[in-house]
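Undergrad: Please work out how this folds:
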Amino acid sequence: MTDHIDDASRTEAFFTLHHRLPRQSPGSDATTRRLLALAGPLPDRPRVLDLGCGPGRAALLLAAEAGAEAGAEVTAVDLHQPFLDELDEAAKARGLGDRIRTVRADMGDLTGPDFAPGSFDLIWAEGSAYCIGFATAVREWQRLLAPGGAMVISECVWTTDAPSAGARDFWDRNGSLRTLPETTAAAVTAGCTVSAVLLQPDSDWDTYYVPLAERVESADPTAPGMSPGMEWALAATREELAVRRAYGAEYGYAAYVLRPADPRWTTRPETAADREAVHAVNSAAFPTRDEADLVDALRADAEAWLPELSYVAEAPDGSVAAYALLTRCRIGDAPALALAPVATSPAHQRQGAGQAVVRAALDAARVRGEALVVVLGDPAYYARFGCVPASRYGIRAGFEVPDEAMMALVLDDSVPVPVGMIRYPAAFGV
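TA: Below is the predicted model of the structure:
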């Protein structure tokens, strides 16, 4: 029986069981590199904060590879000193000792001179934010970012809307999971916009679980010097491994690339009171009234119009400064979204209003559970939202258009990307 084991003994046993394993949560060097690329351009020598770093697999890679040339300056934080000692040892062995500074601290209480506001260009938390809660982490850590900074935070999520009773029972006892759209909503509510979401591959779980399973099988809880909580730790880990084998297709780790929302602009879905202003913004932003009339026509199309995806950005005086619209289209027979039009009033152009309203509309689409957006426009502009040429996915327009101008953005990479021709609502006239 293990009911009498106190929390301190259980924690000690957990750390003993995981000591010198290659990873402390699902992940891989390939996933870390992919997330680093999704985090976007960084300063030549970025300041990185790795929270819940464990023995520092990600910290070592970031110190060596983040930034244009010289690698990053990494502050690696964990509460378990033996993990930090492992990281110090590995950093010195790889010649990275001058780039990695370890700090024993609580990620839920980042105070003092080591954690001044605006101190970091990139905040990294692979498999660790659950310790204080995803929403709390997103909300509290933003203050540490320098202007233009990003956070990469992973969270375990349901990948099905109807998890099995066995999976739900386990996770209800071990930290309730959200779905991907619910987790996105939590990030947005906490004040961030979502730049990218990556559902980590099953191989990332193997990288973590295979060595852990071997450790469990070889462990002897009766060995001299073994922690009093080891019997509990072994039983809990065996259950976790069994749940993954039985229900692994129903949950996974999603890694979010997040940035604080632009505080200069309030974004929200349009209301009936905004329609005249929306028409005026679109009329003023384009040479003709075609885009303004397009919005009115789409609003009358019940199959295309999604009221919660018609978004405005307010100027400080409450007037409509910018507008973005997502409507239902199809790729072949598969549902997708078309982003058009995007408009900013001349008085507010080149001040971030357009970007703010597009990001808000895309976040709203993620919260709805939408999987794909297509857009025809300036490649240089829409690339900043993660859009790439649609032809990479086998998606094409039904009319002549430069390949680089017809773009797509995958919102949920757990859903297969459809292949075929874009079928726009009738109001587009194509």
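Undergrad: only C-alpha atoms for contact and neighbour calcs from this point on.
TA: Noted.
Undergrad: Please name the nearest non-neighbouring residue to S128.
TA: Here the nearest residue to S128 in space, its sequence neighbours aside, is G52; by Cα to Cα, 6 or more residues apart in numbering that works out to 5.3 Å.
Undergrad: Tell me how many other residues surround that neighbour.
TA: G52 has 25 neighbouring residues, counting by other Cα atoms under 10 Å.
Undergrad: Lowest mean pLDDT among the helices and strands of this structure, which one is it?
TA: helix 7-18 (a mean of 82; mean pLDDT, DSSP states H and E).
Undergrad: before we move on, the earlier item: need the contact list for the residue nearest to S128.
TA: Contacts were defined as Cα atoms under 8 Å, 6 or more residues apart in numbering; by that measure G52 touches A76, V77, D78, L79, M107, A125, E126, S128, A129.
Undergrad: Mind doing that once more with 7 Å?
TA: Going by Cα atoms under 7 Å, 6 or more residues apart in numbering, G52 touches V77, D78, M107, A125, S128.
Undergrad: Ranking by neighbours, what's the top pick from the residues you listed?
TA: Taking other Cα under 10 Å as the neighbour criterion, V77 ranks highest of the contacts of G52 with 26 neighbours.
Undergrad: Which helix or strand lies directly C-terminal to the helix or strand harbouring it?
TA: With elements taken from DSSP states H and E, the one containing V77 is strand 73-78. Proceeding C-terminally, strand 73-78 gives way to helix 81-93 as the next helix or strand, assigned by DSSP H and E.
Undergrad: Show me the contact partners of that next one.
TA: Taking contacts as Cα under 7 Å, 6+ apart, the residues outside helix 81-93 that touch it are G54, P55, G56, L60, D78, G97, I100, T102, R104.
Undergrad: so the last one touches A76, yeah?
TA: Okay, so that is R104. No: in this structure, R104 sits apart from A76 without contact. The criterion is Cα atoms under 7 Å, and the distance is 8.4 Å.
Undergrad: So for these two, which residue has more residues nearby?
TA: Set side by side, R104 and A76 show unequal neighbour counts under other Cα under 10 Å, the larger going to A76 at 27 against 14.
Undergrad: quick one: low-confidence ranges for the stretch 201-350 of the chain?
TA: Scanning the stretch 201-350 of the chain for pLDDT under 70 picks out the ranges 225-227.
Undergrad: Strands of that one, residue ranges please.
TA: Using DSSP state E, counting those that start in this stretch, the strands of the stretch 201-350 of the chain run over residues 251-260, 266-269, 310-314, 320-331, 334-344.
Undergrad: Just list what the third one packs against, helices and strands only.
TA: Looking back up the chat, that one is strand 310-314. Secondary-structure packing of strand 310-314 (3 or more Cα pairs under 7 Å, 6 or more residues apart in numbering; DSSP states H and E): strand 266-269, strand 320-331, helix 353-368.
Undergrad: if I look at Q349, how far off is A315?
TA: 11 Å (Cα to Cα, to the nearest Å).
Undergrad: swap in S128?
TA: When S128 is compared with A315 (using Cα to Cα), they lie 38 Å apart.
Undergrad: you'd agree S9 is up against E231?
TA: No: the pair formed by S9 and E231 falls short of the contact definition of Cα under 7 Å, at 10.6 Å.
Undergrad: And those two? Which one has more around it.
TA: For S9 versus E231, the count of surrounding residues by other Cα under 10 Å is larger for E231: 19 against 15.
Undergrad: How many residues are close by the closest residue to the more buried one other than its chain neighbours?
TA: Closest residue to E231 apart from its sequence neighbours, by Cα to Cα, 6+ apart: P221 at 5.6 Å. Using other Cα under 10 Å, P221 has 18 neighbouring residues.
Undergrad: and if you look at F286?
TA: Around F286 sit 17 other residues, with neighbours defined as other Cα under 10 Å.
Undergrad: From Q355, how far out is the closest residue to it other than its chain neighbours?
TA: If the residues on either side of it in the chain are set aside, F286 comes closest to A343, at 7.8 Å by Cα to Cα, 6+ apart. Applying Cα to Cα, the value for A343 to Q355 is 10 Å.
Undergrad: now W158
TA: W158 sits 30 Å away from Q355 when distances are taken as Cα to Cα.
Undergrad: Looking at the two, which one has more neighbours?
TA: More neighbours surround W158 than the other of W158 and Q355, with 26 against 23 (other Cα under 10 Å).
Undergrad: ok, the more buried one touching G175?
TA: No: counting by Cα under 7 Å, G175 is not a contact partner of W158; they are 12.0 Å apart.
Undergrad: and the residue nearest the centre of the chain, what does it touch?
TA: For the chain, the residue lying nearest the average C-alpha position, counting by Cα atoms, centre = their mean, turns out to be Y256 (1.2 Å). With contact taken as Cα under 7 Å, 6+ apart, Y256 is in contact with V152, I153, S154, V194, A196, V197, L198.
Undergrad: what's the closest of these to L42?
TA: Sorting the contacts of Y256 by distance to L42 puts V152 at the head of the list, at 13.2 Å, by Cα to Cα.
Undergrad: next one: phi and psi at that closest one?
TA: phi -120, psi 110 (degrees, to the nearest 10).
Undergrad: Around it, how many other residues sit close by?
TA: When counting by other Cα under 10 Å, one arrives at 24 neighbours for V152.
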